[in-house]
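> Sequence first, predicted coordinates after that:
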Amino acid sequence: MGQKVPPGLVKRGDIWHIKKTICGRRVQESTGTSFLAEAENFQIHRMEQMRQSAIYGVRPQRSFREAATKYLKEATKSSIEGDVLQLKLLDPFIGPLTLTEVHMGSMQQFIEARRSQGVKTRTINHAIQTVRHILNLAASEWIDENGKTWLEHAPKLKFLAENDRRAPYPLSLEEQDRLFNELPLHLRRMALFKVNTGCREAEVCGLRWEWEEEIPHLNTSVFIIPAHRVKNREERLVILNSTAREVIDEVRGAHPEYVFPYRGRRQ
């Protein structure tokens, strides 16, 4: 005879989910496990959390993984891919920790692991910035069903000193030519367009012909990138100099939708 399923647990696919009214509130959420015993323990723990919160005003202890998942589901920034990567790298180190356990001390193992891999401090600071942003949201904007923020106070996370950062310098035309000549044709065109317009990588990769606007009296055209495709969420006017214009003329007609396709699809 199979193990009896406690009331309130429902299996969807391989994962058990809670579907139950707890302390007068309807709860529908994943337990994150395919094992019934673990799911039952999770449900008991969740019920006790909600009881403590409802009766005594105790703030539930949520994991950083829960907070990271909420952040990614609600994020609207166009450059979210970088945060996704950093959170994947962070998860083995701080994912299971509660929000109150995430601080500079608990992040040291992650920091040392990344340093041992030869990662630049600036990249590690990107991860710290992502964690800090999530904790600030948890302490200020994310309100639970009892009117409490997910976290009472956000800890102070300090950026690391970027002593290994190389000072930037402009490439000479000779260096630029040498670099671009190492690239395949489709990337060389994109790189030329980028340096001559100042567009970001995502803007170049997703550039569409429908955004081109003709300027007949100047015998040229411009591209107007919609606000939702621009990092600062403001419409961007892309003016073409002679080099950028030559690149556009070379790729015109290659694809009906995208300016810089690769093998018949978006870069």
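Done, it's in. The model shown is predicted, which means the values in this text are computed figures rather than measured ones.

> can you pull out the helices in the stretch 51-200 of the chain?
Ranges of helices within the stretch 51-200 of the chain are 64-74, 80-94, 108-116, 121-140, 173-180, 185-197, based on DSSP state H, counting those that start in this stretch.

> between those helices, which gets nearest to residue 241?
If you check each of the helices of the stretch 51-200 of the chain against residue 241 by C-beta to C-beta, helix 185-197 wins as the nearest, at 5.4 Å. All C-beta spots, glycine's among them, are computed from the backbone N, C-alpha and C.

> could you say which helix or strand contains the residue nearest to residue 36 when sequence neighbours are not counted?
Once flanking residues are discounted, residue 36 sits nearest to residue 3: 5.5 Å by C-beta to C-beta, 6 or more residues apart in numbering. Counting by DSSP states H and E, no helix or strand carries residue 3.

> Kindly state the pLDDT recorded for residue 3?
The model reports residue 3 with a pLDDT of 71.

> again with residue 24
Note on residue 24: pLDDT of 63.

> again with the one 5 residues further on
With respect to pLDDT, residue 29 has a value of 74.

> Doesn't it belong to a strand?
Yes. The assignment for residue 29 by DSSP: H, G, I helix; E, B strand; the rest coil puts it in a strand.

> does the closest residue in space to it that isn't next to it in sequence have beta-bridge partners, and which?
Distances taken as C-beta to C-beta, 6+ apart place residue 18 nearest to residue 29, at 5.4 Å, with adjacent residues excluded. Residues in a beta bridge with residue 18, per DSSP bridges, are residue 9, residue 29.

> and residue 18, how far is that from residue 36?
Using C-beta to C-beta, to the nearest Å, residue 18 is found at 13 Å from residue 36.

> swap in residue 213?
Applying C-beta to C-beta to residue 213 and residue 36 gives a distance of 60 Å.

> Let me know the helix or strand that residue 221 is in.
Here residue 221 is assigned to strand 220-225, by DSSP H and E.

> Now do that strand and helix 185-197, the angle between them.
On the basis of axes from the mean of the first three to the mean of the last three C-alpha atoms, to 10 degrees, strand 220-225 is oriented at 90 degrees to helix 185-197.

> For strand 220-225, list every residue counted as buried.
223, 225 (16 or more other C-beta atoms under 10 Å).

> ditto for stretch 105-123
Residues of stretch 105-123 classed as buried by neighbour count (16+ other C-beta under 10 Å): 107, 110-111, 114, 119, 121.

> So what touches it?
89-90, 93-94, 97, 124, 127-128, 131, 157, 160-165 (C-beta atoms under 8 Å, 6 or more residues apart in numbering).

> you'd agree the residue nearest to residue 36 is up against residue 39?
No. Applying C-beta atoms under 8 Å as the test, residue 3 and residue 39 come out as separate, 10.8 Å apart.

> low-confidence ranges in the stretch 101-250 of the chain?
Regions of the stretch 101-250 of the chain meeting the criterion pLDDT under 70 are absent.
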